[in-house]
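K.L.:
Here is my input; please provide its structure:
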Amino acid sequence: MKRSLIFIGTTNLDIVFYTDSLPSVGQSLMGTIEEFGGGKGANQAVAAARLGGAPFFATMVGEDDAAEVLIRGLADFGINTSKIKRRQNASSGKSLIFVGSDGTNMIGIDAGANEEFSPDDVYEALIDIPLDAVVVVEMGLPVDACRAVFKAKGERFLIFNPAPVRAQISDQDCRSIDIITPNETEAEQLTGMPVTNIEEAFLAAHQLRDRGIAAVAITLGKSGVVYLDAEQSIHQRAYLVDAVDTTAAGDAFNGALATAIASGHEISVALRFAVATASLSVTRKGAQQSMPTHDEVHNFLKIKGSTK
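P.N.:
Numbers count the residues shown, from 1 in each chain. Have a look, this model is predicted:
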């Protein structure tokens, strides 16, 4: 039986500029511009919905045209939008994203109404969510809202994506986290340790575990993900693909990981599923539009085999 699934995070209108190479200081570039729904929390929720997760999503948007577009888009993906709130006299969040021809990107964010999401909004969002649910929160929200999730989790399973790292997490925060999912840069910021290879990633994971976090999954791009808990360590290798746009790879991973856990899969299967989902997502343009379906991921794994 599937557990309930809720994502708590940011939603933005992504303004994406596709160009041959990322800009340097003082450089003017030619390219094309497209607009998509985005925001880390929203992207993660869309990933879960595309995979059959039927998630709730809690966020804050403004009173503007962008909000209408964003909410309608999320509902079209099959997300329960009943926990999305609107803030008067505020603008919805926006992101400006440069994407090079090799799929690499640079991102600037105007958080807008996302910055208005408060601890009270967290408590209201969780009040009727079952105690066996899987909860995913990302650090694009105000820090006090993130900490409210830690306090309110109860017996729920909490996945924390510390992106972007806006503050250090306390030892008390750590004890509330069931899985933390930084990338290599975020792991460095949280631990003060270099994370440039698999061995260093495991060392950083040990440090985070020592602070009271139950499990650590550090994503390493083309090197896959390293995972550590009290009983096992896993290196799940990545799948070789031709990357077009890596903007939402981490969000695809988090959405898929949460969906697999909510479906009752053991962690090794969940990690393989999440890495495959992220690998597929980077072969397409956009964030939410790039998220694959469950059948697409299943077929991808059949073709690629069980990379361990």
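
K.L.:
mind checking the end-to-end distance for stretch 111-118?
P.N.:
Taking CA to CA, to the nearest Å as the measure, stretch 111-118 stretches 14 Å from start to finish.

K.L.:
now do stretch 168-181
P.N.:
End-to-end for stretch 168-181, by CA to CA: 15 Å.

K.L.:
Report the contact partners of L228.
P.N.:
Shown in contact with L228 (CB atoms under 8 Å, 6 or more residues apart in numbering): 202, 205-206, 209, 215-216, 234. Any C-beta I mention is one placed from the backbone N, CA and C, and that applies to glycine too.

K.L.:
Which members of those occur in helices, if any?
P.N.:
Among the contacts of L228, the members falling in helices (DSSP state H) are 202, 205-206, 209.

K.L.:
Serialize those to JSON lines and add fields for distance to T181 and pLDDT.
P.N.:
Shown next, in JSON lines, are the ones in helices among the contacts of L228 (distance: CB to CB, whole Å; pLDDT from 0 to 100):
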{"residue": "F202", "distance to T181": "15", "pLDDT": "98"}
{"residue": "A205", "distance to T181": "11", "pLDDT": "98"}
{"residue": "H206", "distance to T181": "16", "pLDDT": "98"}
{"residue": "R209", "distance to T181": "14", "pLDDT": "98"}
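
K.L.:
so Q288 sits right up against G37, yeah?
P.N.:
Yes. Between Q288 and G37 there is a contact at 5.0 Å, judged by CB atoms under 8 Å.

K.L.:
joint contacts of those two?
P.N.:
Shared contacts of Q288 and G37, defined by CB under 8 Å, 6+ apart, are found at 46, 73.

K.L.:
More neighbours: which of the two?
P.N.:
Set side by side, Q288 and G37 show more neighbours around Q288, with 28 against 24, by other CB atoms under 10 Å.

K.L.:
Torsion angles phi and psi at the more buried one?
P.N.:
The phi/psi pair for Q288 (degrees, to the nearest 10) reads phi -60, psi -40.

K.L.:
where's it relative to K304, distance?
P.N.:
Using CB to CB, to the nearest Å, Q288 is found at 24 Å from K304.

K.L.:
And G93, by the same measure?
P.N.:
From G93 across to K304, the span is 35 Å (CB to CB).

K.L.:
Same check on G38?
P.N.:
Relative to K304, G38 is positioned 27 Å away (CB to CB).

K.L.:
more crowded one of the two?
P.N.:
Neighbour comparison, G38 and K304: the larger count goes to G38, with 30 against 15 (by other CB under 10 Å).

K.L.:
Can you show me the strands along the stretch 101-250 of the chain?
P.N.:
Counting by DSSP state E, counting those that start in this stretch, the segments of the stretch 101-250 of the chain that form strands are 105-110, 134-138, 157-161, 179-180, 216-219, 225-228, 233-236.

K.L.:
which of the ones in helices among the contacts of L228 lies closest to Q172?
P.N.:
Closest approach to Q172 among the ones in helices among the contacts of L228 (CB to CB): R209, at 15.8 Å.

K.L.:
re earlier: looking at the ones in helices among the contacts of L228, point me to the pair that's furthest apart.
P.N.:
Greatest spatial distance in those: F202 and R209, 10.2 Å, computed using CB to CB.

K.L.:
before we move on, back to that, out of the strands of the stretch 101-250 of the chain, which comes closest to N80?
P.N.:
Closest approach to N80 among the strands of the stretch 101-250 of the chain (CB to CB): strand 134-138, 14.1 Å.
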